[in-house]
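Enquirer: next input, structure requested:
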Amino acid sequence: MRLGWQIGLLSAILLVELVGLGFFIKGFFPYKKSIPGFAGQHEQPPDIGQQQQQQGHKEQTVHQYDRLVIMLVDALRNDFVFGNNSAMAYTQDLLRDGQAIGFTAKALAPTVTMPRIKALMTGTVPNFLDAVLNIAESDTSSSLKFQDNLLWQLKNQGKTINMFGDDTWLRLFPDVFSRTDGTSSFFVTDTVEVDNNVTRHVSPDLERDDWDVTIFHYLGLDHIGHLAGPDSPLMRPKQQEMDQVVQTIFETISRQDVERMRSDSSAKPTLFVLLGDHAMNEIGNHGGNSHLETSTVFVFMGQGIRGQPIADQGKNALSALLAKEVLQINLVPTLALLFGVPVPKNNLGMPLPELLEGYREGERLRLLQLAAHQIYGVVQANDPDLADVEAQTADSKVPQCDEDSESVSDFLRCKYVCALVAHHRFAQSNSIPGSAETSALASVTEREYYNFMEHASAHLSRTFSGYDLEAMVTGIGAFGVVTLALAALYQCSGGIGDSGSFGVVNFKAKRFSVTMPAVVLLIAYIVSMVSSSLIEEEHQFWYFWVQTMLALRVLTSSTFGATLRSLTQMGMFRVIRAWNQTGQKWTGEADIRQYLSSGNVRLMWTLVILSFVLFAVCAQRIHSCAADLRAKEGTQTASQPGNAANIKYRWRLALGQRTFRSLLAGSLFNVLVYQMDRNSGWEVLGIGRSAWSLVRWFTPSDLADVARLIYLLTFLMAAAGAVCMWLRARSGHPDPLSAATLEGLVGMLPLLTLLARPHNIPLFAMFLGIFFLFFPCALLPTQPHSCINPNAVLQPEGEFAAARLGEWRLPALRPSKQLVQLCLIHASFFALGNSNSLASLDLSNAYAGVSRYNETLVGILMFTGNWAGPLWWTMAAFSTLALSPTATGSFGGRTRKLVDWLVAAHLWQACTILTLSIVVTMMRTHLFIWSVFSPRYLYQIAWFAGFYLVYATVGGMLWMTSLAQLSP
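Expert: Residues are numbered from 1 along each chain as shown. Have a look, this model is predicted:
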């Protein structure tokens, strides 16, 4: 097939795949359906206790609080408040003395800010797509302006609401707040000013008398977690800072409440709630559903709060609160009832019984009646055919509810009827209020109400009726067409093995040829996507297959040198595998990262420095190797016409290569300074402050400017590399492209290491070592003609061998370099500490060189930092294409090889996305659909759109085209 037709067909196929992906996303990630409108007092059911009031025991339910202060500390994990090592001493004293009531509040995935705020204010399980919209500050589609929520109900009651802190609140609740001061939640390098901007409003705003609800949202603790983890030296001072704010707020409102209620007998106290939106895992990230990420806090404080004093004042006095778990969505009905406003229509939470103990029995049951009535409304909205609940009396027969024989909706209706009957019996009893009989009836009624609400909440939280199956099936159909089209294009594109593709199948001369490793790999990967556990532990799959591929290369090597190189690669990858524990089961186990970051930080920085030295040495050896080859070819062609004209470019090439190496050295030096200054590495290595100041004299004073300088130097390196390739082409170099690709491989390392955590930098040195063991002559040539020469035989015998179906000879088991590198592309993603959980997304270096939040720029940097390993190994695959033998050294031949590689790569990912789409469609009602399968699908979107499409395809073609323009 002609190259132009091949590129055109590939582009059309990928366009169809994009359209199919759009359809599937529309069907699988729609905005969650909700009951329209806002709850009102007129929709509330008649008070069952009216009959008791007619008998002379009149009880009128009134709200208990006038004012509300919410202090939300982002990523406030429960042990930060209740744990033995907590620095929040004042808050712990309030809990011990019974002046506060504490809970471990369990959040649901995705544990990121926007969905959690939605849950805290609506009582619903937010749409998983909010996890993506969470990073888009310009997004307004996720607004709650037209959805019932607690803030709207409070404002509708006439309350004045102010907010200071995370500007996510301003996007979610437009036109609600009277006074605001928003701060960006995504500039994670700021851990000080972002909180100072909130604290400066605490005392001045609370001292005013024109507010009813005030929200303070602090971000610094979350930013510290992203930057350095929960064990950072900055964490304890930040907890103390938050504790001081708690003290300021509590003492201020306590003093004000005494004055207010003294001057106005109808005034009610102020409720103060300290809470977190989510928590953080052991490395400081969040987004997933691990126990650490979902365990945040509720602490209720104020004059009306009467907790149980803790007699034990020892260190472990509050440890019981770590296990006292409630759902985070329970906050909404609790606050709504305490403030006398209707519970939002879509709420799925239950009121916290400890907060209702201040009411009398009849009042408390009325509140539970209101909460149960609201939840039953959601049940009816999800099942319009569900029969209404007729009026019940004390003489009504208590139905027998059978969860196994009834539908879920009928079972929930039955439980609701049981609660209403029990309430009627309490209301119509002739017992004296407060008597043992009355208390027993009240306890039965409360238990029935909570029994219904627990079952209804659990069912509704799992139910999602918003899937657009038609759109999802359309997307799956498009993926199926794309997969078949790519398979056909792959068969027409040519060979197998190291000629450019991965070596799955090939029709040639009417024979069906196949290499076993690729087929088994693809089948095993497809099967693994059906299991939630294998998705969580996908890194184990890739680690196993990298070692398996290398072991097969050992078994099928024809020379001792090739065997030794493959064994060395296996040993190096074994170290890589142990570097970062990831996934779910072993994520907290000991690993090399932990070993280096805990008690061996000096060793870590030593490895970082040695890695940078290795990068610089590799660049020098690449240029030396190219010079040796040019000298050899120049000796052989000295007498050829035109050679004298080529010689004049060689001294310019030497200058260009020195420039490239100088820019690389400068970039690496600035990256080292950036990382050591940002992570206090110079102190660990014992460098004095004066000596470090001398080092910093050679770099910009601001770290953001250092990062910008690295970006500039990287761009200049790319330009210098292009000039060098142009000069090689005109100086008689036999293969300028090969040297250029190797320069790019080394030249991108400063950028990738800038965006990496320090302990991961040595991994890139091992990546470099594994790659050059595939092509040792590129750095250590034994003969000049074997170095970066497309006409030299670099592959051992049997590299391209294949067998007919049914004739599995040993050479057919030899995986190609491209197949091994495909495994390394995916394995390197996990080797850097990533996983299929949103919690592993690292934001720590996504702001390198960024002075203020920019969605596009931060998104690009975040993608580059998290996909640094795959980005590098894809460039390594391009270098492999350039270094592999071809019939000619022309750019046209190289371009065809690149296109063949892209076709094979997209065939691989098309099979993946097709299988995963079918799996999530079948598993859409599975327990782990939102905690496991949905995050995995989001990652697959990033792999396809960001990695394979934009970087590998568009970037690869632009790279090859630009190089072709420089050819003679």
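
Enquirer: how many residues are close by Ser598?
Expert: 11 (other C-beta atoms under 10 Å). Where C-beta positions appear, they are placed from N, C-alpha and C, glycine not excepted.

Enquirer: just the pLDDT at it, thanks.
Expert: Model confidence at Ser598, given as pLDDT, is 80.

Enquirer: Gly49 too?
Expert: pLDDT at Gly49 comes out at 76.

Enquirer: mind listing the helices for the stretch 501-650 of the chain?
Expert: Remark: helices assigned in the stretch 501-650 of the chain by DSSP state H, counting those that start in this stretch are 516-528, 532-536, 538-555, 560-577, 592-598, 601-636, 643-647, 650-678.

Enquirer: ignore the last one, the stretch 1-150 of the chain
Expert: 3-28, 50-54, 78-82, 89-96, 113-122, 130-133, 150-156.

Enquirer: wait, which of the ones you listed is closest to Thr445?
Expert: In terms of C-beta to C-beta, the element of the helices of the stretch 1-150 of the chain nearest to Thr445 is helix 50-54, at 12.2 Å.

Enquirer: quick one: least confident helix or strand in the chain?
Expert: Least confident element among the helices and strands of the chain, by mean pLDDT, DSSP states H and E: strand 803-804 (a mean of 32).

Enquirer: and the helices of the stretch 1-150 of the chain as TSV, adding mean neighbour count and distance to Val671?
Expert: Output for the helices of the stretch 1-150 of the chain, formatted as TSV (neighbours: other C-beta atoms under 10 Å; distance: least, C-beta to C-beta, whole Å):
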stretch	mean neighbour count	distance to Val671
helix 3-28	17	35
helix 50-54	14	74
helix 78-82	26	33
helix 89-96	19	41
helix 113-122	26	31
helix 130-133	21	30
helix 150-156	21	46
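
Enquirer: what stretches of the stretch 801-950 of the chain score poorly on pLDDT?
Expert: 801-812, 853, 884-894, 927 (pLDDT under 70).

Enquirer: hmm, 80 instead?
Expert: Applying pLDDT under 80 to the stretch 801-950 of the chain flags the ranges 801-814, 839, 843-844, 851-855, 882-896, 924-931.

Enquirer: and the helices in it, which stretches?
Expert: For the stretch 801-950 of the chain, helices defined by DSSP H, counting those that start in this stretch occupy the ranges 817-831, 855-866, 868-883, 891-922, 934-941.

Enquirer: show me what the second one is in contact with.
Expert: Identification of contacts with helix 855-866 by C-beta atoms under 8 Å, 6 or more residues apart in numbering yields 135-138, 186, 751-752, 755-756, 829, 832, 834, 840-848, 850, 871, 942, 946.

Enquirer: make it 6 Å
Expert: The contact list for helix 855-866 (C-beta atoms under 6 Å, 6 or more residues apart in numbering) reads Ala136, Leu755, Asn834, Leu841, Asp842, Asn845, Ala846, Val850, Gly946.

Enquirer: now, among those residues, which is nearest to Leu274?
Expert: Checking the contacts of helix 855-866 against Leu274 by C-beta to C-beta gives Leu841 as the nearest, at 27.0 Å.

Enquirer: what residues are up against that closest one?
Expert: Each residue near Leu841 by C-beta under 6 Å, 6+ apart is listed here: Asn866.

Enquirer: give me that answer again for 7 Å
Expert: By C-beta atoms under 7 Å, 6 or more residues apart in numbering, the residues touching Leu841 are Asn285, Gly287, Met862, Asn866.

Enquirer: reformat the helices of the stretch 1-150 of the chain as CSV; add distance to Arg306.
Expert: Listed next are the helices of the stretch 1-150 of the chain as CSV, based on distance: least, C-beta to C-beta, whole Å:
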stretch, distance to Arg306
helix 3-28, 47
helix 50-54, 25
helix 78-82, 19
helix 89-96, 12
helix 113-122, 24
helix 130-133, 37
helix 150-156, 24
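
Enquirer: mind checking which of those is nearest Thr548?
Expert: Of all the helices of the stretch 1-150 of the chain, it is helix 3-28 that lies closest to Thr548, at 29.5 Å by C-beta to C-beta.

Enquirer: just the buried subset of the contacts of helix 855-866, please.
Expert: Using 16 or more other C-beta atoms under 10 Å as the burial test, the contacts of helix 855-866 include Leu755, Asn834, Leu841, Asp842, Asn845, Ala846, Val850, Gly946 as buried.

Enquirer: right, and the first one touches Ala868 too?
Expert: Yes. Contact between Leu755 and Ala868 holds when scored by C-beta atoms under 7 Å: they sit 6.3 Å apart.

Enquirer: between the contacts of Leu841, which is closest to Gln620?
Expert: The closest of the contacts of Leu841, once distances to Gln620 are taken by C-beta to C-beta, is Asn866, at 30.5 Å.

Enquirer: any idea how far the closest one is from Ser835?
Expert: Applying C-beta to C-beta, to the nearest Å, the value for Asn866 to Ser835 is 11 Å.

Enquirer: ok, for the spatially most central residue of the chain, nearest residue in space, not its chain neighbours?
Expert: Nearest to the geometric centre of the chain sits Leu838, at 2.5 Å (C-alpha atoms, centre = their mean). The shortest distance from Leu838 to any non-neighbouring residue, by C-beta to C-beta, 6 or more residues apart in numbering, is to Gly287 (2.8 Å).

Enquirer: and Val899, what does it touch?
Expert: Leu3, Gln6, Ile7, Leu10.

Enquirer: go again using 6 Å as the cut-off
Expert: Taking C-beta under 6 Å, 6+ apart as the contact definition, Val899 lies against Gln6, Ile7.

Enquirer: still on that earlier bit, so the residue nearest to the centre of the chain is in contact with Pro935, correct?
Expert: Yes. Here Leu838 reaches Pro935: they are 5.2 Å apart, a contact under C-beta atoms under 6 Å.

Enquirer: what's the spacing between the residue nearest to Arg553 when sequence neighbours are not counted and Phe771?
Expert: Excluding its sequence neighbours, the residue lying closest to Arg553 (C-beta to C-beta, 6+ apart) is Ser566, at 4.5 Å. Separation of Ser566 from Phe771 (C-beta to C-beta) stands at 13 Å.

Enquirer: what does Thr180 give?
Expert: Applying C-beta to C-beta, the value for Thr180 to Phe771 is 52 Å.

Enquirer: count the neighbours of Leu486 for me.
Expert: 25.

Enquirer: for my notes, confirm Tyr711 occurs in a helix.
Expert: Yes. The assignment for Tyr711 (DSSP: H, G, I helix; E, B strand; the rest coil) places it in a helix.

Enquirer: what's the local residue count around it?
Expert: Residues lying near Tyr711 (other C-beta under 10 Å) number 16.

Enquirer: excluding its backbone neighbours, what's nearest it?
Expert: In space, Tyr711 is closest to Gly849, 6.1 Å off (C-beta to C-beta, 6+ apart).

Enquirer: so that neighbour is in contact with Ala707, correct?
Expert: Yes. Contact criterion C-beta under 6 Å: Gly849 and Ala707 qualify, at 3.2 Å.

Enquirer: comparing those two, which residue is more hemmed in?
Expert: Legend: neighbour count by other C-beta under 10 Å for Gly849 and Ala707, higher for Ala707 (24 against 20).

Enquirer: correct me if wrong: that one contacts Ser851.
Expert: No. The pair Ala707 and Ser851 fails to qualify as a contact (C-beta under 6 Å) at a distance of 10.3 Å.
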